[in-house]
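**Student:** Quick one, fold the following:
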Amino acid sequence: MTGASGREESEYERLDRNLIELLAEMRVAIVGVQVLFAFLLIVPFNNGFADLNDLQRYLYLTSLLGAGAATVALVAPIAQHRVTFRLQDKHYIVRSANRFALVGLICLAVAMTAAVSLVASVVFGTTTGVVVATGTTLAFIVAWAVLPLRRRRAVR
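**Tutor:** Below you'll find the predicted structure:
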């Protein structure tokens with residue numbers, strides 16, 4: 001049977017393919033989040049951390065919490081799949097995993113923006129940190145939201 005994707009596959013085959021593709025995409029994001037999170041966990045133990053001003057400490061906390069939340073969201077579909085294995089509820093898993101992936105990507109963008117802004121602020125000052133945060137935020141919005149949504153609208 002040919003579905004909306006134009007492929008000859010049953011709904012179960014489509015769900016399997018969708019889940020496999022989504023989990024493969026998430027594996028890439030999870031590695032980046034884990035590296036960022038590990039780096040952030042050791043930052044407070046460096047000698048210069050005590051010299052950060054309040055804004056820089058909040059940027060650090062925002063980045064740490066964003067990376068932690070991204071980790072939770074990007075790993076949640078794996079846990080859900082394992083817990084609900086063999087319940088024949090793949091439709092729910094695929095829809096839920098998609099939502100978690102989107103939330104995880106938003107949290108990752110927040111974590112990365114805060115981390116880049118923190119580094120720029122420490123190295124070049126608060127004004128540069130704000131400019132870098134603004135530019136990074138705009139880059140994420142354009143690359144991860146505006147362009148894909150524009151393409152989605154054009155295809156439909």
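**Student:** who's in contact with the most centrally placed residue in the chain?
**Tutor:** The chain has Leu105 as the residue nearest its centroid, 2.1 Å off, counting by Cα atoms, centre = their mean. Going by Cβ atoms under 8 Å, 6 or more residues apart in numbering, Leu105 touches Ala29, Ala70, Trp144. C-beta coordinates here come from the backbone N, C-alpha and C atoms, glycine included.
**Student:** mind running it again at 7 Å?
**Tutor:** Contacts of Leu105 were listed using Cβ atoms under 7 Å, 6 or more residues apart in numbering, and they are Ala29, Trp144.
**Student:** how would you label it: helix, strand or coil?
**Tutor:** helix (DSSP: H, G, I helix; E, B strand; the rest coil).
**Student:** Let's see stretch 70-78 as PDB, backbone CA atoms only.
**Tutor:** Extracted C-alpha coordinates of stretch 70-78, given in PDB (Å, rounded to 0.1, in the frame of the first residue of the first chain):
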ATOM      1  CA  ALA A  70      18.100  18.500  26.700                       C
ATOM      2  CA  THR A  71      19.600  15.300  28.000                       C
ATOM      3  CA  VAL A  72      16.400  14.400  29.700                       C
ATOM      4  CA  ALA A  73      14.300  15.200  26.600                       C
ATOM      5  CA  LEU A  74      16.600  13.500  24.100                       C
ATOM      6  CA  VAL A  75      17.000  10.300  26.200                       C
ATOM      7  CA  ALA A  76      13.300  10.100  27.200                       C
ATOM      8  CA  PRO A  77      12.100   8.300  24.000                       C
ATOM      9  CA  ILE A  78      14.700   5.600  24.500                       C
END
